[in-house]
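Undergrad: Show me how the following folds:
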Amino acid sequence: MENTLRELILSEIRSKGPIPFERFMELALYAPNMGYYLREGSTIGRGGDFFTASHLGNVFGSILSRPIEEVWRRMGEPKDFHIVEIGPGMGHLAYDILTALQGNPIESCLSYHLVELNPHLVKLQKKRLENFLSKVFWWRDIFELEHLSGVIICNEILDAFPVRLFEVRDSRILEVYVGTDRDGEFVETFYPADNELISYLEEFAPWVQHFDNYRSEACLRIRNWLRTLRGLLKGGLVLLIDYGYLSEEYYDLSRNRGTLMCYFKHTTNDVPYVHIGEQDITAHVNFTAVAKWAEEAGFKVENYTTQYRYLFSLVDEKFLERLYNHNPSSVIQFKTLILPGGMGESHKVMTLSVGL
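TA: So this is what the prediction gives:
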């Protein structure tokens, strides 16, 4: 698999010359049938390369069912209400949310849409959700969905968007491209940053031009993606959960090698040019940019906080008591989700609304 994908990337470099790192990352993650997220046998969870909050147990989905119900009520309890989950992984979160909403008045109004690129994961999701198939629908892309009202869930999605790598040297902003040496090994080369990247940095991190030997990344694709979401959502809420920072912290001098990280069989490294197609490549999210672009697209930014504060705001003593009575290990799951120093602090939550 790695050799085939490697040859695909090498072929493009031979044809076009060095390619932007953003393009390299796109191919490594999303090349049809070969990229990390689209290959057969791709698994997410404790048996794979990484796991998300939904893999810790049913607590995460149970808690997220509460703001979903709240949005439904705020919208006047419509008879046609939709949940869209983008990048649903193994289907755990969908299962837990649908299970938590069983017997609830919202259940009869509900449709659940899974946006999944990988046909092999779709098979696993359908098996996991076999008891809910009358309510669940699958799509390859959000462009296939028509205007709807409800809640869009994006749990650790933005960190997988391809990013543009840059370095600052002698007050010059250079973008990282990927080429090859005489032996056919991938090597980085540098070109002056274009106006789009420079404009981004001037808006969100103008101070970096005064740094030297500084390296970081910028995800510019999120802007158009948010516009697409706004065009899709007639009314309701977008729930963004991911690890990231505001601009001031993201582009601080102390973080002078950026946030790019690779995950391979539950180990981490910062070398994206190995295990191609077999390791995840991620970068943290600049939530300052997300908020600005969301507002430009027509969203209202309702909230931005840590996962700890967000989840804690959704529960009360009675809710936790019910969780414990149903499954005593739920308390451990909840602590894992909220503890400082872990997911409770590293993961942020931003909610965007339309017409609420």
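
Undergrad: Look at Gly61 and tell me its secondary structure.
TA: Three-state call for Gly61 (DSSP: H, G, I helix; E, B strand; the rest coil): helix.

Undergrad: Distance of it relative to Ser11?
TA: From Gly61 across to Ser11, the span is 42 Å (Cβ to Cβ, to the nearest Å). Yep, even glycine has a C-beta here, placed from its N, CA and C like the rest.

Undergrad: Compare those two and say which is more crowded by neighbours.
TA: Gly61 (22 against 10; other Cβ atoms under 10 Å).

Undergrad: Going by residue numbers, what spans are helices in the stretch 51-200 of the chain?
TA: Secondary structure of the stretch 51-200 of the chain (DSSP state H, counting those that start in this stretch): helices at 59-74, 92-100, 119-128, 195-204.

Undergrad: Out of those, which is closest to Arg227?
TA: Ranking the helices of the stretch 51-200 of the chain by their distance to Arg227 (criterion: Cβ to Cβ) puts helix 195-204 first, at 15.6 Å.

Undergrad: relative to helix 195-204, how tilted is the helix or strand just after that closest one?
TA: Using DSSP states H and E, the helix or strand that directly follows helix 195-204 along the chain is strand 214-218. Strand 214-218 runs at 100 degrees relative to helix 195-204, counting by axes from the mean of the first three to the mean of the last three Cα atoms, to 10 degrees.

Undergrad: Show residues contacting strand 214-218.
TA: Residues from elsewhere that reach strand 214-218 (Cβ atoms under 8 Å, 6 or more residues apart in numbering): 163-168, 197, 200-201, 208, 250-251, 253, 255-260, 283, 286.

Undergrad: Report the buried residues of the strand ranked longest in the chain.
TA: Longest strand in the chain, counting residues (DSSP state E): strand 233-245. Neighbour-count burial for strand 233-245 flags 233, 235-245 (criterion: 16 or more other Cβ atoms under 10 Å).

Undergrad: Run me through the strand neighbours of that strand, direction for each.
TA: Sheet pairing here is set by DSSP bridges, and for strand 233-245 it gives strand 148-155 (parallel), strand 285-286 (parallel), strand 347-354 (antiparallel).

Undergrad: how about the next helix or strand after it: buried residues?
TA: On the C-terminal side of strand 233-245, the closest following helix or strand by DSSP H and E is helix 247-250. For helix 247-250, a neighbour-count test (16+ other Cβ under 10 Å) marks 247, 250 as buried.

Undergrad: same for helix 247-250, what does it pack against?
TA: Counting contacts by 3 or more Cβ pairs under 8 Å, 6 or more residues apart in numbering; DSSP states H and E, helix 247-250 packs against helix 287-297.

Undergrad: The helix it packs on: what's the following helix or strand?
TA: That would be, after helix 287-297 and using DSSP H and E, strand 300-306.

Undergrad: sorry, back to before: of all the helices of the stretch 51-200 of the chain, which one comes closest to Glu22?
TA: Once those are compared by Cβ to Cβ, helix 195-204 is nearest, at 9.9 Å.

Undergrad: Check what contacts the closest one and list those residues.
TA: Contact with helix 195-204 is made by 164, 166, 173, 175, 193, 208-209, 218, 220, 247, 251, 286, 288-289, 292, as judged by Cβ under 8 Å, 6+ apart.

Undergrad: what comes into contact with stretch 242-260?
TA: Contacts for stretch 242-260 (Cβ under 8 Å, 6+ apart): 154-159, 163, 165, 204-205, 207-208, 211, 213-217, 270, 272, 281-289, 346-348.

Undergrad: Just the buried subset of those residues, please.
TA: Buried residues within these, counting neighbours by 16+ other Cβ under 10 Å: 154-159, 163, 165, 204-205, 208, 211, 214-217, 272, 281-289, 346-348.

Undergrad: ok, back up a step: which of the buried residues of strand 233-245 sit farthest apart?
TA: Top of the distance list for the buried residues of strand 233-245 (Cβ to Cβ): Gly235 and Tyr245, 29.9 Å.

Undergrad: on that earlier part again, of the contacts of strand 214-218, buried ones?
TA: 163-168, 197, 200-201, 208, 250-251, 256, 258-260, 283, 286.

Undergrad: burial measure for the closest residue to Leu38 other than its chain neighbours, as a count.
TA: Computed as Cβ to Cβ, 6 or more residues apart in numbering, the closest residue to Leu38 that is not its neighbour in sequence is Asn118, at 5.2 Å. Residues lying near Asn118 (other Cβ under 10 Å) number 21.

Undergrad: Show me which of the contacts of helix 195-204 has the smallest pLDDT value.
TA: Minimum pLDDT for those is recorded at Gln209 (93).
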